[in-house]
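Student: just need the structure, nothing else, for what follows:
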Amino acid sequence: MLEPSKEATVRHDVKQAQPLAGIHVLELASIGPVPFAGRILQQMGAGITVVLPPQDRKIGLPVPAKYDYLSQGKSEVRVDLKAPDGLDHLLGLVEGSGVLLEGFRPGTLERLGLSPSELHARNPNLIIGRCGGWGRQSLRAAEAGHDINYLALSGALAAIGDRGPLPPLNLVGDFGGGAMHLVAGVLAALVQRQSDPRGTVVETSIHEGTMSLMSMIYGLVDAGQWQGARQANVLDGGAPYYRCYQTADDRWMAVGAIEAKFFKEFIARINADVDIERQNDRTYWPVLKKEISARMREKTRDEWSVVFMGTDACCTPVLELDECRRHPDTSGYFLDGAPKPAVKFS
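Tutor: Numbers count the residues shown, from 1 in each chain. Now for the predicted structure:
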């Protein structure tokens, strides 16, 4: 296994502050964005109670509790929200909470008798974070969906892949589009509550959040800098300096040498015989790809990792999932199998 240089060693002993300590969050059981948003708030110090239904609803991907990393450390309570005593139980929990997160289809809370006005009647200071699949104004608001569906109607899915659209795990829609926008809204509402204690409703959706993530790409489209075909652009694997190449051992290295100075260093490190001044000449891209591919096949992935360590060539090994938790440059970011908090305060 490769050993990182002393200069590249990352310190993992930064004191972890808990800026949300004392904030209690009710997380109405859901899949995708809401449990991930709850995990992020938990990692910032919030206490989380997950409100589960009486029986398993058989949604999402089942995983043993030991490996359900989005739920670890959270308290759980089972409540039947369709029963009067269940509603009373939840409203009692609301009275002692600062935030409520829900990921139902638009209108579901209202039909249960838990509309924002009813929740605020029990806790006027409550922040209600809502993240459905489709936006409330969407023609599909009442329909079920998963990450791939929301990406499909955002334009993102059509832009990702090779011969056909390829879902990028559920990182873009569920976690990037939905959860991160929900967390940002809740944190903003917590700041606002310092000057205005009245309750707030923060609402987003996976589809709308994914559309928001596509802002830069739509800007490139409108500027005439994005072609409709997949793998025909700089950021989708079309450019020879922003893609992955196979190595001598059939593993992969990821190249992200967009800027001219980084591309120049990358080409120098692999000793490629190309015209670096034609980096952005699309007619020259096939030549660049062929030459770079040939050079990258001359060494194994780990040999190339040594070559590029400590450089600005923007070239890194593509780690498999099982490797990531053992690799010296990434293993320190895990704790008991799960990734550590990504945001640190000191």
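
Student: where exactly do the helices run in this structure?
Tutor: 33-43, 84-95, 108-112, 116-122, 147-152, 156-159, 180-192, 206-213, 215-222, 260-270, 285-296, 301-308, 321-324 (DSSP state H).

Student: can you add mean pLDDT and give these back as a markdown table?
Tutor: Listed next are the helices of the chain as a markdown table, based on pLDDT from 0 to 100:
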| stretch | mean pLDDT |
| --- | --- |
| helix 33-43 | 97 |
| helix 84-95 | 95 |
| helix 108-112 | 93 |
| helix 116-122 | 96 |
| helix 147-152 | 96 |
| helix 156-159 | 95 |
| helix 180-192 | 98 |
| helix 206-213 | 97 |
| helix 215-222 | 96 |
| helix 260-270 | 98 |
| helix 285-296 | 98 |
| helix 301-308 | 98 |
| helix 321-324 | 94 |
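
Student: distance to residue 130 and mean neighbour count for the ones you listed - can I get that in JSON lines?
Tutor: All C-beta atoms are positioned from the backbone trio N, CA, C, and that covers glycine. Listed next are these as JSON lines, based on distance: least, C-beta to C-beta, whole Å; neighbours: other C-beta atoms under 10 Å:
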{"stretch": "helix 33-43", "distance to residue 130": "9", "mean neighbour count": "24"}
{"stretch": "helix 84-95", "distance to residue 130": "14", "mean neighbour count": "15"}
{"stretch": "helix 108-112", "distance to residue 130": "8", "mean neighbour count": "15"}
{"stretch": "helix 116-122", "distance to residue 130": "9", "mean neighbour count": "16"}
{"stretch": "helix 147-152", "distance to residue 130": "16", "mean neighbour count": "22"}
{"stretch": "helix 156-159", "distance to residue 130": "22", "mean neighbour count": "20"}
{"stretch": "helix 180-192", "distance to residue 130": "8", "mean neighbour count": "19"}
{"stretch": "helix 206-213", "distance to residue 130": "12", "mean neighbour count": "23"}
{"stretch": "helix 215-222", "distance to residue 130": "22", "mean neighbour count": "12"}
{"stretch": "helix 260-270", "distance to residue 130": "42", "mean neighbour count": "18"}
{"stretch": "helix 285-296", "distance to residue 130": "45", "mean neighbour count": "16"}
{"stretch": "helix 301-308", "distance to residue 130": "44", "mean neighbour count": "18"}
{"stretch": "helix 321-324", "distance to residue 130": "32", "mean neighbour count": "10"}
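
Student: closest one to residue 231 among these?
Tutor: helix 156-159 (9.5 Å; C-beta to C-beta).

Student: any idea how far residue 134 is from residue 258?
Tutor: 34 Å (C-beta to C-beta, to the nearest Å).

Student: please identify which of the two sits among more neighbours.
Tutor: Each of residue 134 and residue 258 has its neighbours counted (other C-beta atoms under 10 Å); residue 134 has more, 22 against 15.

Student: if I look at the more buried one, how far off is residue 106?
Tutor: 8 Å.

Student: what do these two both touch?
Tutor: Shared contacts of residue 134 and residue 106 (C-beta atoms under 8 Å, 6 or more residues apart in numbering): residue 141.

Student: buried residues in stretch 52-63, which are they?
Tutor: For stretch 52-63, a neighbour-count test (16 or more other C-beta atoms under 10 Å) marks residue 52 as buried.

Student: average pLDDT across that stretch?
Tutor: For stretch 52-63, mean pLDDT is 89.

Student: run the chain-centre distance for it.
Tutor: For stretch 52-63, the separation from the chain centroid amounts to 22 Å (computed by C-alpha atoms, centre = their mean, to the nearest Å).

Student: who's in contact with it?
Tutor: Here stretch 52-63 has contacts from 29, 31-32, 76-81, using C-beta under 8 Å, 6+ apart.

Student: let's see 10 Å
Tutor: 27-32, 35, 68-71, 76-83, 86, 144, 146, 170 (C-beta atoms under 10 Å, 6 or more residues apart in numbering).

Student: for residue 204, grab the count of nearby residues.
Tutor: Neighbour tally, residue 204, other C-beta under 10 Å: 23.

Student: pLDDT wise, what is the closest residue in space to residue 133 that isn't next to it in sequence at?
Tutor: In this structure, residue 133 finds its nearest non-sequential neighbour in residue 145, 4.4 Å apart by C-beta to C-beta, 6 or more residues apart in numbering. In this model, residue 145 is scored at 94, pLDDT.

Student: from what I see, residue 249 and residue 296 are in contact.
Tutor: No. Between residue 249 and residue 296 there is no contact under C-beta atoms under 10 Å: 11.2 Å.

Student: put the alpha carbons of stretch 283-303 into CSV.
Tutor: Output in CSV follows, covering the C-alpha atoms of stretch 283-303 (Å, rounded to 0.1, in the frame of the first residue of the first chain):
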residue,chain,number,x,y,z
THR,A,283,-10.3,18.2,-33.5
TYR,A,284,-7.1,17.2,-31.7
TRP,A,285,-8.9,15.4,-28.8
PRO,A,286,-8.8,12.0,-30.5
VAL,A,287,-5.0,12.3,-30.8
LEU,A,288,-4.6,13.4,-27.2
LYS,A,289,-6.8,10.5,-26.0
LYS,A,290,-4.9,7.9,-28.0
GLU,A,291,-1.5,9.2,-26.8
ILE,A,292,-2.5,9.6,-23.2
SER,A,293,-4.1,6.2,-23.1
ALA,A,294,-1.0,4.6,-24.5
ARG,A,295,1.2,6.3,-21.9
MET,A,296,-1.1,5.4,-19.0
ARG,A,297,-0.9,1.8,-19.9
GLU,A,298,2.8,1.8,-19.3
LYS,A,299,2.6,1.7,-15.5
THR,A,300,0.3,0.2,-12.8
ARG,A,301,-2.2,2.4,-11.0
ASP,A,302,-0.1,2.4,-7.8
GLU,A,303,3.1,3.2,-9.8
